[in-house]
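> Model the following, please.
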Amino acid sequence: MAPFDPYHVWLGIPPKDQPPDYYRLLGLSPLESDPDIIEKAADRQTIFLRQFLAGEHAEEASRLIQEINAAKIVLLNPESKAAYDAQLSQAGIRIDADRPLVRRRSPVRSLVGLVTYLWTHPNVTASLAAVIILIVAALLVIPAIQGPVTPGTTADKPSPSAGAGDATGGEVPVTPGDSLPAKGATTTPNSGG
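Numbering: from 1, shown residues only. Predicted structure coming up:
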């Protein structure tokens, strides 16, 4: 069985391109100069490799993370980056057309990657499940506490008939045991007490 090749298996760098230059190691376009892109690429590679630190090839993962950190430090410093680029040029290493450019992931692929990451990390998955349960519980409990809401009415909205009942301007409460006059009948005020 062939020895494990972390560059090829984890980073997609075939043996013919090893050892990789810093740009290739980070999965960047040759001579990339945007510091944000360089930093995010280094962080992405490091985050990806951390999952292997507890596995069978922990030593290789640790070594690659150290190489990525070294590449990040060199490429983020303008003076050291210029010296490194000149060194690549003097060594006769062609870093422009020898290798294809790394294609950026589409948003859908990034989302799939995130879901895959969450699915394969039990502690993250458990935390996410707990958050989802809390959200669903809140959505179910809050309406139950507030009570039923009749469409078109709210608790703080006055009734349209307010002020049209008794002489005080409020409504006259009617209870189920009260007798109401027949339709069209006239009523006389109760003078008794």
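> contacting residues around Asn77?
Applying C-beta atoms under 8 Å, 6 or more residues apart in numbering, we find Asn77 in contact with no residue. For glycine as for every other residue, the C-beta is placed from the backbone atoms N, C-alpha and C.
> how much space is there between it and Ala70?
The gap separating Asn77 from Ala70 is 11 Å, by C-beta to C-beta, to the nearest Å.
> Count residues in the vicinity of Leu25, would you?
23 (other C-beta atoms under 10 Å).
> How about the contacts made by it?
Per C-beta under 8 Å, 6+ apart, neighbours of Leu25: Leu11, Ile13, Gln45, Glu67, Ile68, Ala71.
> which one of those is nearest Gln87?
Ala71 (13.2 Å; C-beta to C-beta).
> still on that earlier bit, is it possible to get JSON lines of the contacts of Leu25 that adds distance to Tyr117, pLDDT and neighbour count?
JSON lines is the format used below for these (distance: C-beta to C-beta, whole Å; pLDDT from 0 to 100; neighbours: other C-beta atoms under 10 Å):
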{"residue": "Leu11", "distance to Tyr117": "17", "pLDDT": "86", "neighbour count": "19"}
{"residue": "Ile13", "distance to Tyr117": "22", "pLDDT": "86", "neighbour count": "19"}
{"residue": "Gln45", "distance to Tyr117": "15", "pLDDT": "90", "neighbour count": "23"}
{"residue": "Glu67", "distance to Tyr117": "23", "pLDDT": "93", "neighbour count": "18"}
{"residue": "Ile68", "distance to Tyr117": "19", "pLDDT": "92", "neighbour count": "22"}
{"residue": "Ala71", "distance to Tyr117": "23", "pLDDT": "91", "neighbour count": "23"}
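> Can you lay out those as a markdown table showing distance to Leu128 and secondary structure?
Shown next, in a markdown table, are the contacts of Leu25 (distance: C-beta to C-beta, whole Å; DSSP: H, G, I helix; E, B strand; the rest coil):
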| residue | distance to Leu128 | secondary structure |
| --- | --- | --- |
| Leu11 | 28 | helix |
| Ile13 | 33 | coil |
| Gln45 | 24 | helix |
| Glu67 | 32 | helix |
| Ile68 | 28 | helix |
| Ala71 | 32 | helix |
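> This completes my enquiry, with thanks.
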